[in-house]
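# I'll drop the sequence and a predicted model, then ask my questions.
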Amino acid sequence: MHSQSFSSGGNRSHASRSRGSSSRPTSAHAGGFSRSTSMRGPSTVGGSYSSSRGPSRGGSGSRSSGGYSGYGMGRRGSRGVGGRTRGRSMGQYIDPARFINKAVITEESEVFKPEHAFADFAIDERVKKSIAARGYEFPTPIQDRAIPHVLKGEDIVGIANTGTGKTGAFLIPLLDKIVKNPKEQVMVIVPTRELAIQIEDELKQLTVGMNIYSVCCVGGASMSKQIYQLRYQYNFIIGTPGRLKDHINHKHIHLKEFNTVVLDEADRMLDMGFIADMRAIMAGMSKERHTLFFSATLSPDIEKLIHEFLKNPVKISVKTGDTAKNVDQDVVRVGQSQNKIDVLHDMLRQAEFSKVIIFGRTKHGVEKLANELVRKGVAAESIHGNKNHTKRQKALHAFKSNKINVLVATDVAARGLDIPNVSHVINFDIPATYEDYVHRIGRTGRGDKMGKALTFLG
């Protein structure tokens, strides 16, 4: 039997649970777990990935020096699609050389040796049984180092690469806190609705039969349903800053009732302009609160928030680098005589492109690209801010369940999306910042699996 670790790379089910009713059993890999067995990655590309295809007669949109102008960066960009120069308003210049980085593949790689097994932690037996029932024995590095401090009630700052099991690092010890004190209430604040839903899914899979309930408060979903759920017993509220603020202002949520708060993907919340909402929420909570702060990066602005929100925090960093060593990164050079959409289509027809996330810069461009791929016979869906909550969840479910093999997304999905076995990430449009690039490509090569990231240049 293979040893296994609890991380955020496993399959998740979307089985829902109404308040007061029992949960149905979920899949064997539910709860954000991933196996530690390795998987052979996709074939690598020597040098840069270039297409030999000549000018295309098909497709829609006009050709430009940047490839396919119909799916570009919007009106403000100086070139249609991820070109050599861009307007300052669209983001920082990124040296194309930073998009090329070969995955580190060795016959024998160093194996992380945790100091603890889950059975060793001073957590309630019911929580241990829930983890053990899924066959998981050892924590990931961030869990191994963070859980003991959370159990002691210490504020922590966790810095770790995406896909390293940060969710388990706070859910496991906080479940222990709630099991021991059923009146305890926890607020988990995240940047996107997709991440909130995924965390709630993990929570449900860990709490089967424990009578621990949660409310997911995100924009785009039914406000009245959330108000109804907030009237009944719950231990966790998981939500996005804007919707949480709405409920607080209408007195559906009383902040003084919460002594524990988790700020997950705090750097992304800062990037998305949620700082005022975050400050308002934190200001309304008890000064003696227990605060857990997780981020993939540690910028001066993040350091300022840490000083503002936390008291003598323990800093835990297991970040190994800007980009994962097991993501093979390369570029796709599109010539002036080539049609960018046709180059992409030719790639997607290859067998190795089995499960692909394609990133674009604008909501309109993402929708247009997805529709064009569908027109060309590709099983694709889109996810972006103009789609309502139901349609976004439907697209994600279709991708997770392999009903489609291509998901076209804006950067709203770059963080938080945790979908197993993504073979490729394709940057159809160059991201606004290198940090966005890091989080985009973090959707592949998760856990110990190999992945490939390709960035279009024209």
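Sure thing, it's come through.
# now K340: how far from A432?
K340 is 19 Å from A432, where distance means C-beta to C-beta, to the nearest Å. The way it works is simple: take the backbone N, C-alpha and C, and place the C-beta from them, glycine included.
# same question, M450
27 Å.
# equivalent analysis for V331, please.
Relative to A432, and taking C-beta to C-beta, V331 is found at 17 Å.
# mind checking the SS state of G365?
helix (DSSP: H, G, I helix; E, B strand; the rest coil).
# what does the pLDDT read for it?
At G365, the predicted lDDT confidence score is 95.
# could you do R35 as well?
Confidence for R35, expressed as pLDDT, is 33.
# what helix or strand is L396 on?
helix 389-400 (DSSP states H and E).
# what does T291 give?
strand 290-295.
# what comes up buried for whatever helix or strand comes next after that strand?
Next along the chain after strand 290-295, taking DSSP H and E as the criterion, comes helix 300-309. Of all the residues in helix 300-309, those buried under the rule 16 or more other C-beta atoms under 10 Å are 302, 305-306, 309.
# turn the residues you listed into a markdown table, including pLDDT and distance to F293.
Output for these, formatted as a markdown table (pLDDT from 0 to 100; distance: C-beta to C-beta, whole Å):
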| residue | pLDDT | distance to F293 |
| --- | --- | --- |
| I302 | 91 | 9 |
| L305 | 93 | 8 |
| I306 | 95 | 6 |
| F309 | 96 | 7 |
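# go through those and name the one nearest L454.
Set against L454, the nearest of the buried residues of helix 300-309 by C-beta to C-beta is I302 (29.5 Å).
# from T455, how far off is the closest one?
Counting by C-beta to C-beta, the gap from I302 to T455 is 26 Å.
# for H389, same thing?
Taking C-beta to C-beta as the measure, H389 falls 30 Å from T455.
# quick one, which of these two is more surrounded?
In this view H389 and T455 are compared by other C-beta atoms under 10 Å, and T455 has more residues nearby, 28 against 15.
# can you name every helix or strand that the strand or helix carrying that one contacts?
Secondary-structure assignment from DSSP H and E places T455 in strand 451-457. Where contact means 3 or more C-beta pairs under 8 Å, 6 or more residues apart in numbering; DSSP states H and E, strand 451-457 is packed against strand 327-333, helix 340-348, strand 424-427, helix 434-441.
# mind running it again at 6 Å?
strand 327-333, strand 424-427 (3 or more C-beta pairs under 6 Å, 6 or more residues apart in numbering; DSSP states H and E).
# can you check which of those strands gets nearest to I275?
strand 424-427 (27.2 Å).
# list the strands paired with the closest one, with their directions.
Strands that pair with strand 424-427, judged by DSSP bridges, come out as strand 356-359 (parallel), strand 451-457 (parallel).
# in the stretch 201-350 of the chain, which spans are strands?
Here the stretch 201-350 of the chain has its strands, by DSSP state E, counting those that start in this stretch, at 214-217, 236-239, 260-263, 290-295, 314-317, 327-333.
# let me have those in a markdown table, extended by mean pLDDT and distance to K368.
Shown next, in a markdown table, are those (pLDDT from 0 to 100; distance: least, C-beta to C-beta, whole Å):
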| stretch | mean pLDDT | distance to K368 |
| --- | --- | --- |
| strand 214-217 | 98 | 31 |
| strand 236-239 | 98 | 31 |
| strand 260-263 | 98 | 35 |
| strand 290-295 | 96 | 33 |
| strand 314-317 | 94 | 40 |
| strand 327-333 | 93 | 19 |
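# which stretch among these comes nearest I159?
I159 lies closest to strand 314-317 among the strands of the stretch 201-350 of the chain, at 4.1 Å (C-beta to C-beta).
# got the domain boundaries for the protein?
49-105+326-457, 128-317 (automatic domain parsing).
# export these to TSV and tack on distance to A122?
Formatted as TSV, the domains of the chain follow (distance: least, C-beta to C-beta, whole Å):
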stretch	distance to A122
domain 49-105+326-457	27
domain 128-317	6
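# lowest-confidence stretch among these?
Among the domains of the chain, domain 49-105+326-457 has the lowest mean pLDDT, at a mean of 77.
# dump the strands paired with strand 424-427 to JSON lines, plus distance to V262.
Output for the strands paired with strand 424-427, formatted as JSON lines (distance: least, C-beta to C-beta, whole Å):
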{"stretch": "strand 356-359", "distance to V262": "26"}
{"stretch": "strand 451-457", "distance to V262": "28"}
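# among the ones you listed, which comes closest to V218?
The nearest among the strands paired with strand 424-427, by C-beta to C-beta, is strand 356-359 at 20.9 Å.
# name the residues that touch that closest one?
For strand 356-359, the external contacting residues (C-beta atoms under 6 Å, 6 or more residues apart in numbering) are 406-409, 422, 424-428, 440, 443.
# stretch 368-382 too?
Contact partners of stretch 368-382, identified using C-beta under 6 Å, 6+ apart, comprise 71, 341, 345, 348, 360, 366-367, 395, 398, 404-408.
# apply 7 Å and report the result again.
The list of residues contacting stretch 368-382 from outside it, by C-beta atoms under 7 Å, 6 or more residues apart in numbering, reads 60, 70-71, 341, 345, 348, 360, 366-367, 395, 398-399, 404-408, 428.
# buried ones among those residues?
Among the contacts of stretch 368-382, the ones that count as buried (16+ other C-beta under 10 Å) are 70-71, 341, 345, 348, 360, 366-367, 395, 398-399, 404-408, 428.
# who does T455 bridge with?
In this entry, T455 is beta-bridged to V331, N427, by DSSP bridges.
# I figured it hits V334, correct?
No: counting by C-beta atoms under 7 Å, T455 sits too far from V334 to count as a contact (10.9 Å).
# and the gap between G377 and M285?
Using C-beta to C-beta, one obtains 52 Å as the distance from G377 to M285.
# settle it for me: which of these two has more neighbours?
M285 (18 against 10).
# spatially, and excluding backbone neighbours, which residue is closest to that one.
Nearest residue to M285, sequence neighbours excluded (C-beta to C-beta, 6 or more residues apart in numbering): L255, at 5.0 Å.
# who are the contact partners of the one you found?
The contact partners of L255, taken as C-beta under 7 Å, 6+ apart, are 248, 281, 284-285.
# need the buried ones from the residues you listed selected in PyMOL.
In PyMOL, this line selects whichever of the contacts of L255 come out buried by 16+ other C-beta under 10 Å:
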select buried, resi 248+281+285
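# measure how buried E115 is and give me the count.
11.
# likewise S354?
Count around S354 with other C-beta under 10 Å applied: 13.
# and it, how far from A160?
From S354 across to A160, the span is 27 Å (C-beta to C-beta).
# send me the strand holding T291 as PDB with only the CA atoms.
Output of strand 290-295 as PDB, limited to C-alpha atoms (Å, rounded to 0.1, in the frame of the first residue of the first chain):
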ATOM      1  CA  HIS A 290      -6.700  33.700  17.200                       C
ATOM      2  CA  THR A 291      -5.500  34.700  13.700                       C
ATOM      3  CA  LEU A 292      -4.100  32.400  11.000                       C
ATOM      4  CA  PHE A 293      -2.600  34.100   8.000                       C
ATOM      5  CA  PHE A 294      -1.700  32.200   4.800                       C
ATOM      6  CA  SER A 295       0.000  33.500   1.700                       C
END
